[in-house]
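Participant: predicted model, plus sequence, below.
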Amino acid sequence: MAFNHLPTGVHDALSALSVTPVTHSVPMADNQLPRVGAAHSPARSVLDRLAGSADRAARITHTEHLPPRTGRHARWPERIRPEVVEAVRNAGIEHLWEHQARVAEQALSGTSVVVATGTASGKTLSYLVPVVSTLLDGAAERGGRGTTALYLAPTKALAADQRRSVGELTAPLGSAVRPAVFDGDTPVEERDWARRYANYLLTNPDMLHRSILPGHPRWSSFLRALRYVVVDECHSYRGVFGSHVAQVIRRLRRVCARYGSEPVFLLASATASEPAEAAGRLTGLPVVEVTDDASPRGELVFALWEPPLTELHGEQGAPVRRSATAETADLLTDLAVQGTRTVAFVRSRRAAEMIALIAQERLAAVDRSLPGRVAAYRGGYLPEERRGLEQALHSGEILGLSATNALELGMDVSGLDAVLLAGYPGTRASLWQQAGRAGRAGQGSLAVLVARDDPLDTYLVHHPEALFRQPVESTVLDPDNPYVLAPHLCAAAAELPLTEEDLALFGPAAPGLLPQLERRRLLRRRATAWHWPRSDRAADLADIRGQGGAPVQVVEAGTGRLLGTVDAAAAHTTVHTGAVHLHQGRTYVVRELDLADSVALVEESSPPYSTTARDTTAISVLETATEVPWGAGRLCFGSVEVTNQVVSFLRRRLITNEVLGESKLDLPPRTLRTRAVWWTVTEDQLDEASIAPESLAGALHAAEHAAIGILPLFATCDRWDIGGVSVPLHPDTLLPTVFVYDGQPGGAGFSERAFQVASRWLRATREAIAACECEAGCPSCIQSPKCGNGNDPLDKRAAVRLLGTLLSGAPSE
């Protein structure tokens, strides 16, 4: 892989800023940094060197010290076979931790269980021990294929990593345990072997949905003997994706029942709120939870880092803070120079590439051997590229990696010393999941959250209690969403005729959908069951990742070479004509986006800018499901129709984010029926808040932007999962109204959660705006990176007064 193709724009930006790598020879004085406990701990020493100047130290707003914790062992459960105990001991583990033993006992007794403990707490062994022991029992009792188990991972990388773990543990057991990966990268001949002979199948919900369940007769021997289903990283199944997976699991349970099996579900989750309830929604079964983490933990030093304001100005003259991407690239460079093994987690594919490129450029100035030891890891790479990076990280060949959450979920990346988070990852569950990637061998570690220039990140680095003193969020999903449920009813009917007795499995909304599906000729009733009447595949009706169609192929125009893919839902914003696209260290500009053929043609180029799409949105109320008086105003939740159109894109100078210009786009509008929360204010409330008519639009608009930015603190969503509209006089409410809606058909549960916690959510929104140090509004409080109106009008002070008046009428919680 070539990593030396840095865009000329990056060279220009670095030269303009006179950026050079930080010198590490002088450690900073103790009084330059908040105390974190042990003065000379390795993690503290690394942080001291990063903050090696007064300017750097001032960027640290808070440092949290999590002391080391000793572990608590338990006796081996009596029903675990001695061969398994011996295999685990051969791996260097003499005893199980208490929570591992409890999970094993529940599993062996036939009870579905979720283990929700911290990162690196040994969740894998919690389910592997009972699964492997049962597979050995089955092989001894049944002969032939024996008992089987199914493992579901949200990512291919995690399944591949688990395959390595299973293989290492079971190697001494001979052929009694036969693991195999079955995913989109598996060659045809290996797929056939897995179907015929594997008794521990590692796959993902996509393959279960599209291949195994539609072809269940070919998997009959595997499904008939299925004893366990392991659902790893189950907290990642949230929103629309989680709702789809919940219905796929219900289809699996139904097909298993056809073959006489009733598998026990073993779920593993990061620390989460109400894990048993979330696991029950996901599986449709009662689930017992194990949450008392008995594993030891190394010291963790966690710093909150706010990049400084620059002398540049953005839209409407707002001050511009140094980007989290540039700041994280600096820190990754410094850590690599120190020899500190680090992963930098980022929010987007583009940022993953940019951080790696910038770090490689700066490392080359220090030591020409270092740039090749830093790389990017993201979704969209071809399988061989992805596997090569995983192997290089495991071997230690790569010293620093900038990665999207494709690497976040559970991979056993041992030996890491530090984790950088380029922006809040959206949920506290993901925050701790990412921070826990370092120190996985029990050693101390450093985590640094680098704030982006947006309301939520700014709020968090100045309110550390919101991160360190609050429970992890509950997982939000809605399996009864009709847009999710309807195609799965069709898929279920194609797998086996759907009967009245089956409907309870799919939830209370199922009976009401059947007549609609019959009218659309997607189901046909014959005698006592509904059948799939068409020749095409019913499973193709449901896109479980919620991506809205076939991925868009990114093709190099001059050669026809396929570079990768982009989700259909993201194509309008990421590979529109003129967009800058990064892939494996090279920069391309999109020459044409062909929506009809789902192809984006790109040409290699080195522009001195990045691009950001902008859109406009209109909204209409279809149904008000619930409303609550807030003084004279109203808080409402219901169904809406949203019309969205990407209208232009901004060009921003690399590194500094300075806006260079805006170009118009001609893309078709897209219509979405979804769920929303909205609030209205009356003329009397506007008078009470001293909102003049000329300030109303700016006050509503500013409140909308900030509310969207803060909502991920209260619901397991990202600001890009939701949208918003503010209208001084909305035709449906006949009042000034602010809407916040789910960005998926039928809703994802986020706006409903916002309705439930509206008082806390909007109080945090008001506080974030009021506390920002800017004069009239900036990206840290009320400006939005995706605003189609150019962040105009916005009125910061009026928004604070308006929210204050609205909240004065909020019911007490």
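Facilitator: Good, I have the coordinates. Numbering: from 1, shown residues only.
Participant: surely Asp684 is in a helix?
Facilitator: Yes - Asp684 sits within a helix when classified using DSSP: H, G, I helix; E, B strand; the rest coil.
Participant: contact partners for it?
Facilitator: Ala632 (Cβ atoms under 8 Å, 6 or more residues apart in numbering). The way it works is simple: take the backbone N, C-alpha and C, and place the C-beta from them, glycine included.
Participant: please report how far it lies from Gly809.
Facilitator: 11 Å (Cβ to Cβ, to the nearest Å).
Participant: equivalent analysis for Glu518, please.
Facilitator: 47 Å.
Participant: from memory Arg386 sits against Ala157, does it?
Facilitator: Yes - using Cβ atoms under 8 Å, Arg386 is in contact with Ala157, at 6.8 Å.
Participant: just name the shakiest helix or strand of the protein by mean pLDDT.
Facilitator: None of the helices or strands of the chain scores lower by mean pLDDT, DSSP states H and E than helix 8-17, at a mean of 34.
Participant: restricting to C-alpha, output the helix or strand following it in CSV.
Facilitator: Next helix or strand after helix 8-17 toward the C-terminus (DSSP states H and E): helix 42-50. In CSV, the C-alpha atoms belonging to helix 42-50 read as follows (Å, rounded to 0.1, in the frame of the first residue of the first chain):
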residue,chain,number,x,y,z
PRO,A,42,3.0,5.7,32.4
ALA,A,43,-0.3,7.1,31.1
ARG,A,44,0.3,10.3,33.0
SER,A,45,3.8,10.6,31.6
VAL,A,46,2.5,10.2,28.0
LEU,A,47,-0.1,12.9,28.6
ASP,A,48,2.5,15.2,30.2
ARG,A,49,4.6,14.9,27.1
LEU,A,50,1.6,15.7,24.8
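Participant: past helix 42-50, which element shows up next along the chain?
Facilitator: helix 54-57.
Participant: and the next helix or strand past that following helix?
Facilitator: Following helix 54-57 in sequence order, the next helix or strand is strand 60-66 (DSSP H and E).
Participant: name the nearest residue to Arg218, sequence neighbours excluded.
Facilitator: Arg195 (6.3 Å; Cβ to Cβ, 6 or more residues apart in numbering).
Participant: pLDDT on the helix or strand hosting the one you found, on average?
Facilitator: If you go by DSSP H and E, Arg195 is part of helix 188-197. For helix 188-197, mean pLDDT is 94.
Participant: gap between the helix or strand following that helix and the chain center?
Facilitator: Next in sequence after helix 188-197, counting helices and strands by DSSP H and E, comes strand 200-203. On the basis of Cα atoms, centre = their mean, to the nearest Å, strand 200-203 sits 23 Å off its chain's mean C-alpha point.
Participant: try stretch 127-143
Facilitator: The answer for stretch 127-143 is 34 Å, by Cα atoms, centre = their mean.
Participant: list the buried residues in that stretch.
Facilitator: 127-139 (16 or more other Cβ atoms under 10 Å).
Participant: likewise stretch 603-620?
Facilitator: Quick answer for stretch 603-620 (16+ other Cβ under 10 Å): 605-615, 617, 619.
Participant: so for that stretch, mean pLDDT?
Facilitator: Per-residue scores along stretch 603-620 average to 90.
Participant: what of stretch 217-228?
Facilitator: If you average the pLDDT over stretch 217-228, you get 97.
Participant: stretch 780-789 too?
Facilitator: Stretch 780-789 shows a mean pLDDT of 82 in the predicted model.
Participant: returning to what we had before: what sits in contact with each of Asp684 and Gly809?
Facilitator: Joint contacts of Asp684 and Gly809 (Cβ under 8 Å, 6+ apart) are Ala632.
Participant: okay, Gln584: pLDDT?
Facilitator: pLDDT, Gln584: 69.
Participant: which residues in the stretch 51-200 of the chain form strands?
Facilitator: Here the stretch 51-200 of the chain has its strands, by DSSP state E, counting those that start in this stretch, at 60-66, 73-74, 96-97, 113-116, 148-152, 179-181, 200-203.
Participant: export the ones you listed to JSON lines and tack on distance to Gln433?
Facilitator: Output for the strands of the stretch 51-200 of the chain, formatted as JSON lines (distance: least, Cβ to Cβ, whole Å):
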{"stretch": "strand 60-66", "distance to Gln433": "15"}
{"stretch": "strand 73-74", "distance to Gln433": "25"}
{"stretch": "strand 96-97", "distance to Gln433": "19"}
{"stretch": "strand 113-116", "distance to Gln433": "12"}
{"stretch": "strand 148-152", "distance to Gln433": "17"}
{"stretch": "strand 179-181", "distance to Gln433": "22"}
{"stretch": "strand 200-203", "distance to Gln433": "20"}
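Participant: distance to Glu105, mean pLDDT and mean neighbour count added to the ones you listed, as TSV?
Facilitator: Formatted as TSV, those follow (distance: least, Cβ to Cβ, whole Å; pLDDT from 0 to 100; neighbours: other Cβ atoms under 10 Å):
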stretch	distance to Glu105	mean pLDDT	mean neighbour count
strand 60-66	29	95	18
strand 73-74	9	96	14
strand 96-97	10	97	24
strand 113-116	9	97	28
strand 148-152	17	98	27
strand 179-181	24	96	22
strand 200-203	21	97	24
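Participant: out of these, which is closest to Thr325?
Facilitator: Across the strands of the stretch 51-200 of the chain, Thr325 has its closest neighbour in strand 60-66 (18.7 Å, Cβ to Cβ).
Participant: list the neighbouring strands of the closest one plus their orientation.
Facilitator: Partner strands for strand 60-66, per DSSP bridges, with pairing direction: strand 300-305 (antiparallel).
Participant: contact partners of the helix or strand just after the strand it pairs with?
Facilitator: The helix or strand immediately downstream of strand 300-305 is strand 309-313, counting by DSSP H and E. Residues outside strand 309-313 that contact it (Cβ under 8 Å, 6+ apart) are Pro319, Val320, Arg321, Arg322, Thr656, Asn657, Glu658.
Participant: low-confidence ranges, the stretch 301-450 of the chain, go.
Facilitator: Residue ranges of the stretch 301-450 of the chain with pLDDT under 70: 379-383, 406-415, 440-442.
Participant: try 80
Facilitator: 313-318, 348-350, 378-387, 390-391, 393-396, 405-415, 439-443 (pLDDT under 80).
Participant: what residues sit buried inside stretch 186-202?
Facilitator: Thr186, Arg191, Ala194, Arg195, Ala198, Asn199, Tyr200, Leu201, Leu202.
Participant: what two of the residues you listed have the greatest distance between them?
Facilitator: Most distant of these, by Cβ to Cβ, are Thr186 and Asn199, 16.5 Å apart.
Participant: can you show me the strands along the stretch 501-650 of the chain?
Facilitator: 524-526, 529-531, 552-556, 562-566, 580-583, 586-594, 599-604, 609-630, 633-653.
Participant: packing partners for the longest one?
Facilitator: By that I understand strand 609-630. If you count contacts as 3 or more Cβ pairs under 8 Å, 6 or more residues apart in numbering; DSSP states H and E, strand 609-630 packs onto helix 568-574, strand 580-583, strand 633-653, strand 670-680, strand 722-727.
Participant: redo those as CSV? Include distance to Leu416 and mean neighbour count.
Facilitator: Formatted as CSV, the helices and strands packed on strand 609-630 follow (distance: least, Cβ to Cβ, whole Å; neighbours: other Cβ atoms under 10 Å):
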stretch, distance to Leu416, mean neighbour count
helix 568-574, 29, 20
strand 580-583, 24, 22
strand 633-653, 31, 19
strand 670-680, 39, 22
strand 722-727, 32, 24
